[in-house]
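Participant: coords please:
(chains A and B)
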Amino acid sequence: NAGVTQTPKFQVLKTGQSMTLQCAQDMNHNSMYWYRQDPGMGLRLIYYSASEGTTDKGEVPNGYNVSRLNKREFSLRLESAAPSQTSVYFCASSGDRLGQETQYFGPGTRLLVL
Amino acid sequence: QQQVKQSPQSLIVQKGGISIINCAYENTAFDYFPWYQQFPGKGPALLIAIRPDVSEKKEGRFTISFNKSAKQFSLHIMDSQPGDSATYFCAARAWRSGNTPLVFGKGTRLSVIA
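Facilitator: Numbering: from 1, shown residues only, chains lettered A, B, ... in the order given. Reported below is the predicted structural model:
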C-alpha cells in the first residue's frame, strides 16, 4: 500500500515549456486534489476531483489543467510554464479513517521555472 | 478572501512548554476542523480533528479546543518536544454541504528548542 505517489520529485523547466505532474493513489478514494505550497502562503487548492469524471477549479486554477484519468490517477498539466509557477506541488486524496475524513498527501513535486 | 485565519506565523517554544496555535473562521457552514502536521520535505499529515458538537478533543499531548460562538479553534501541544518542530496547518470544511474541499490556514512554523 503506497498511499499517494507523485512523479517527478523534482523538475526544472524553462519559461514556456510544458509538463505534466502525475499522481496516483491506491486507497480507492473518490476525491483527489492538487495544491501548491509557497512560503507564507500555506496550501492553495488548484483543482480537485470529487469523483471519477468530474473536476472543479480551486483557489488558483489559472495556468493549469487537470485530468482525472481514472479513479486512481489525477494529473496536473502546465501548458506554458511561468516563473510564478515555481512552487512545491502536492497531490492528495481523501477518504475515511476511523470514522473521520482524512486527506492523504503525496511527497510533493518541487518545480523550478527559470 | 481568507476563510481561515491562522496565527501566529511562527512560534518558538522551550522543550517541555505548551505550544498554542489559533485559528478563526467566518463561514458558519464549516463543521469539520482538522489540523495537519508537516515536516520539512514531506507532505502534510492529519494530526487531529474535531467536529463542532464537542468543545475539546484530546489525543495524547495534542488537544483541540473549539469555541463555536467565537468561531475559533486552537491546537495545544503539551510538553512540547524537539520532535514536534514542524509546520502546522488548521483547516475547515463544510462537511454537510457535500463534496466541498478543505480550506487551509496559512500555517504556523513551530520550533521547539532544548
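Participant: For the chain, which segments count as strands?
Facilitator: In the absence of a named chain, this looks at chain A. Ranges of strands within chain A are A:4-7, A:10-13, A:19-25, A:31-38, A:42-49, A:56-57, A:64-68, A:74-78, A:87-97, A:100-105, A:109-113, based on DSSP state E.
Participant: Let me rephrase: I mean chain B.
Facilitator: Using DSSP E, strands in chain B cover B:4-7, B:10-14, B:19-25, B:33-38, B:45-50, B:56-59, B:62-67, B:72-77, B:86-92, B:103-104, B:108-113.
Participant: Relative to A:Gly95, how far out is the residue nearest in space to the middle of chain A?
Facilitator: Closest to where the C-alpha atoms of chain A average out (C-alpha atoms, centre = their mean) is A:Trp34, at 2.8 Å. According to C-beta to C-beta, to the nearest Å, A:Trp34 stands 17 Å off from A:Gly95. C-beta here means a position set from N, CA and C on the backbone, and glycine is covered the same way.
Participant: again, but for A:Ile46
Facilitator: For A:Ile46, the distance to A:Gly95 - C-beta to C-beta - is 20 Å.
Participant: More neighbours: the two, which one.
Facilitator: More crowded of A:Ile46 and A:Gly95, by other C-beta atoms under 10 Å in any protein chain shown: A:Ile46, with 23 against 14.
Participant: so which residue of chain B comes closest to chain A?
Facilitator: Per C-beta to the nearest C-beta, B:Gly43 is where chain B lies closest to chain A, at 3.1 Å.
Participant: residue contacts, the nearest residue to that residue once chain neighbours are set aside?
Facilitator: Distance criterion C-beta to C-beta, 6 or more residues apart in numbering or on different chains; nearest residue to B:Gly43, sequence neighbours excluded, is A:Phe105 at 3.1 Å. Shown in contact with A:Phe105 (C-beta atoms under 8 Å, 6 or more residues apart in numbering or on different chains): A:4, A:90-92, B:43-45.
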